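**Student:** Sequence and predicted structure below; questions after.
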Amino acid sequence: MPTVTVRHFAQLREQRQKETETIEVPPGTSLQDLYALLFPQQAAGELTVGFAQEHRIVGPETLVMEGAEVAFLPPFGGG
């Protein structure tokens, strides 16, 4: 099974209570699938997130790559 490193930011980091974690996922897992696995309460659309893999913004349908670094990017505030 592919192993990925997931980086968490802002409120997602607070929910998981960690900045990074390594996870095994079944082959064919998309980033959206992984997000739903880690954050089931948000997967229903409560929080709009961006998806990144290997420091590139990608779509939610992107398949997780073996050994990749994945990040879920919550909305950033500021002004």
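**Tutor:** Right, received. Where do you want to start? Residues are numbered from 1 along each chain as shown.
**Student:** which is the next helix or strand following the worst-scoring helix or strand of the chain on mean pLDDT?
**Tutor:** Sorted by mean pLDDT, DSSP states H and E, the helices and strands of the chain end with helix 40-43, the least confident at a mean of 73. Using DSSP states H and E, the helix or strand that follows helix 40-43 towards the C-terminus is strand 50-53.
**Student:** strands paired with that following strand, and their directions?
**Tutor:** strand 56-58 (antiparallel), strand 69-73 (antiparallel) (DSSP bridges).
**Student:** start to end distance for stretch 31-48?
**Tutor:** Using CA to CA, to the nearest Å, the end-to-end distance of stretch 31-48 comes to 14 Å.
**Student:** quick one, what contacts the most centrally placed residue in the chain?
**Tutor:** Centroid-nearest residue in the chain, with CA atoms, centre = their mean: Phe72, separated by 3.8 Å. By CB atoms under 8 Å, 6 or more residues apart in numbering, the contact list for Phe72 reads 6, 8-9, 12, 31, 35, 38-39, 49-52. Placement of C-beta: from N, CA and C, glycine included.
**Student:** Tell me the bridge partners for it.
**Tutor:** His8, Phe51.
**Student:** which of the strands paired with strand 50-53 is buried the deepest?
**Tutor:** Of the strands paired with strand 50-53, the one with the most neighbours on average (mean count of other CB atoms under 10 Å) is strand 69-73, at a mean of 19.
**Student:** What's the mean pLDDT across that one?
**Tutor:** In this model, strand 69-73 has a mean pLDDT of 95.
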